[in-house]
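Chemist: Next come a sequence and a model predicted from it.
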Amino acid sequence: MTLKIALALRAREIDVVIVTAEPTSNASPTITQDSIDGVPVLRLHGVAIHDPFVSIRNPTADGLLREALERVSPDLVHVFHFSHVGIGVIDMVDALRLPMVFTATDFWWRCPLERLQATEGTRCDGPGLLGARCLRHRLVLGSRQGTLAARVCASVPSWLYAFPLLVARAASSFLPLARRAAELSRRQDHLRRHAQRIGLSLAPTAAVRDEMLLAGFHPDSVRLLPFGIDAPEAFHSEDPARPFTIGFIGTLRSHKGAHFLLEAASRLPADTKARIQIYGDRATDPAYAESLDKLARASTVPVTFEGAFAENRFGRVLAGLDVVVVPSLWMENRPLVLLSSLLARKPVVVTDQPGLTCEVVHGENGLIVPPDDADALAKSLYRLAQDTSLREHLASHPRRPMRMESYIDALQAIYREVAPPTRR
């Protein structure tokens, strides 16, 4: 999304530089520069945060950020992610007396893992008392999956974890082992103070805005601005005689729900004339990809794994699909796959997540199913496979996402508002 916005601004003759962290880079702390479609990109290497449950600051990134900002000398800084660079970016912007806008693209201000999803895969209500839910999640992740230790940690009610955190706070001054737990318990307090330093923030959905307010952002400083996007290039199907084709496009990780789609595929009636195509990089999570293979073998209809594809092929991929399924198991934040599919007038089936239902109205421009009901998803897919008139109705409904042009108009108005006149 950041690159799309940068390219759209550049098309309006606005100079844009992207500064991005490379958290997986093993290089020593340094800045490299390249460009993407003419947009300069400064990459910060060697800035990985080792424990997201504890670290909200990244001292290594702070120095590189200041160097990058001094090199670019911008009129305004628009931040899209804090998770890899930490809240030090606020200090850097303040020190250089630069206006800043923040767009929340995830739930990092309430969740160290950004998704507000519990270990069981269900929706998480936030850190809890002293960060008790976060400690529970951290201990479960730190245990080997399926082991007795992991099962015990998961079985303990989250509120009970507040007691060891309270002890850790009291003992952190003289017991080194308690310091990390104490920092985890203070994460939300620290973030709340920094949230109140950000002048203007943008939320792509009402759910994101609600979580930002719970994190300490001032109500008057958070505005709702849905993402805008250009429609993918239109293509006709290269195989008009193909069977009804159900598509999944996305990251092959459990929170995106490809397994949920395949669970539903095993419950389709035997007379279903359809096929399923899964688009995504299997190397992202090989263990998860293997679990999808097992589910695919149990499917009523053929399933193929098509791999990842270049963005300029998006339109061609959509042309080969009759319905796009977005079966996310986390709250989502107006994903680009959904926006692109709707603008391409493809029928969509989505789970009942606030970052999806903000765009989809059941029976109007898509179908909505509960995120824990594979039978309901199977019934919706079978209904679409059988009912041509329903597919045509969903595709022709006028409700569509915001276009990129309108989004950039809104952004420019905000930039003019927050940037001092002397900078324009």
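Modeler: Good, I have the coordinates. If you're wondering where the values come from, they're calculated on a predicted model, not measured in any experiment. Numbering: from 1, shown residues only.
Chemist: Quick check: P398 vs W109, distance?
Modeler: 35 Å (Cβ to Cβ, to the nearest Å). In short, each C-beta sits where N, CA and C put it, glycine included.
Chemist: More neighbours: which of the two?
Modeler: Taking other Cβ atoms under 10 Å, P398 and W109 do not tie; W109 has more neighbours (27 against 6).
Chemist: Got the phi and psi for the more buried one?
Modeler: phi -70, psi -10 (degrees, to the nearest 10).
Chemist: who touches it in this structure?
Modeler: Residues near W109 by Cβ atoms under 8 Å, 6 or more residues apart in numbering: 82, 191, 195, 211-212, 215-217.
Chemist: Where do the strands of the stretch 101-250 of the chain begin and end?
Modeler: Using DSSP state E, counting those that start in this stretch, the strands of the stretch 101-250 of the chain run over residues 200-203, 222-224, 228-229, 244-249.
Chemist: Could you list every helix and strand in contact with the shortest one?
Modeler: Contacts defined by 3 or more Cβ pairs under 8 Å, 6 or more residues apart in numbering; DSSP states H and E place strand 228-229 against helix 336-343, strand 402-403, helix 404-418.
Chemist: One more: the first one?
Modeler: In terms of contacts (3+ Cβ pairs under 8 Å, 6+ apart), strand 200-203 is packed against strand 100-103, helix 206-214, strand 222-224, helix 404-418.
Chemist: Export the lowest-mean-pLDDT helix or strand in the chain to PDB, keeping only CA atoms.
Modeler: Here the helix or strand of the chain ranked lowest by mean pLDDT, DSSP states H and E is helix 148-155, holding a mean of 79. Extracted C-alpha coordinates of helix 148-155, given in PDB (Å, rounded to 0.1, in the frame of the first residue of the first chain):
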ATOM      1  CA  LEU A 148       2.700 -30.400  27.700                       C
ATOM      2  CA  ALA A 149       4.300 -27.000  28.500                       C
ATOM      3  CA  ALA A 150       2.400 -25.300  25.700                       C
ATOM      4  CA  ARG A 151      -0.900 -27.000  26.600                       C
ATOM      5  CA  VAL A 152      -0.500 -26.000  30.300                       C
ATOM      6  CA  CYS A 153       0.300 -22.400  29.400                       C
ATOM      7  CA  ALA A 154      -2.700 -22.200  27.100                       C
ATOM      8  CA  SER A 155      -5.000 -23.800  29.700                       C
END
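Chemist: Check which helices and strands it sits against.
Modeler: Applying 3+ Cβ pairs under 8 Å, 6+ apart, one finds that helix 148-155 contacts helix 132-142.
Chemist: Contacts for the helix it packs on, please.
Modeler: Helix 132-142 has contacts (Cβ under 8 Å, 6+ apart) with 53, 111-113, 118-119, 124-128, 150, 153-154, 156, 158-162, 164-165, 181, 184-185, 187.
Chemist: make it 7 Å
Modeler: With Cβ atoms under 7 Å, 6 or more residues apart in numbering as the test, helix 132-142 has contacts from 53, 112, 118-119, 124, 127, 150, 153-154, 156, 158-159, 161-162, 165, 181, 184.
Chemist: Out of the contacts of W109, the closest to P371 would be?
Modeler: Closest approach to P371 among these (Cβ to Cβ): E211, at 17.9 Å.
Chemist: Could you give the number of residues near that closest one?
Modeler: Using other Cβ under 10 Å: E211 sits among 23 other residues.
Chemist: Repeat that for R197.
Modeler: A count of nearby residues for R197, using other Cβ under 10 Å, gives 13.
Chemist: cool, Y288 as well?
Modeler: A count of nearby residues for Y288, using other Cβ under 10 Å, gives 16.
Chemist: quick one: secondary structure of it?
Modeler: Following DSSP: H, G, I helix; E, B strand; the rest coil, Y288 is assigned to helix.
Chemist: Kindly report the same for V325.
Modeler: strand.
Chemist: I'd assumed K346 was in contact with it.
Modeler: No. Using Cβ atoms under 7 Å, V325 is not in contact with K346; the gap is 10.4 Å.
Chemist: okay, the two: which has more neighbours?
Modeler: Legend: neighbour count by other Cβ under 10 Å for V325 and K346, higher for V325 (31 against 21).
Chemist: how distant is stretch 345-354 from the center of its chain?
Modeler: 16 Å (Cα atoms, centre = their mean, to the nearest Å).
Chemist: Next one: L175, what pLDDT does it get?
Modeler: Per-residue pLDDT puts L175 at 77.
Chemist: For it, give me its contacts.
Modeler: No contacts exist for L175 under Cβ under 7 Å, 6+ apart.
Chemist: again, but for G86
Modeler: 49, 55-58, 61.
Chemist: got the phi/psi numbers for the closest residue in space to it that isn't next to it in sequence?
Modeler: What sits nearest to G86 in space, not counting adjacent residues and going by Cβ to Cβ, 6 or more residues apart in numbering, is N58, at 3.5 Å. Main-chain torsions, N58, degrees, to the nearest 10: phi -140, psi 90.
Chemist: Do I have it right that N58 meets V89?
Modeler: No. Using Cβ under 7 Å, N58 is not in contact with V89, being 9.1 Å away.
Chemist: In CSV, list the contacts of W109 along with distance to P302 and pLDDT.
Modeler: Shown next, in CSV, are the contacts of W109 (distance: Cβ to Cβ, whole Å; pLDDT from 0 to 100):
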residue, distance to P302, pLDDT
F82, 43, 92
L191, 47, 95
A195, 49, 95
E211, 40, 96
M212, 43, 97
A215, 45, 96
G216, 50, 95
F217, 48, 96
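Chemist: Mind putting those into a markdown table with distance to A258?
Modeler: Shown next, in a markdown table, are the contacts of W109 (distance: Cβ to Cβ, whole Å):
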| residue | distance to A258 |
| --- | --- |
| F82 | 28 |
| L191 | 32 |
| A195 | 34 |
| E211 | 25 |
| M212 | 29 |
| A215 | 30 |
| G216 | 35 |
| F217 | 33 |
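Chemist: Straight-line length of stretch 122-139, end to end?
Modeler: 17 Å (Cα to Cα, to the nearest Å).
Chemist: Report the rounded mean pLDDT for it.
Modeler: Here the average pLDDT along stretch 122-139 is 92.
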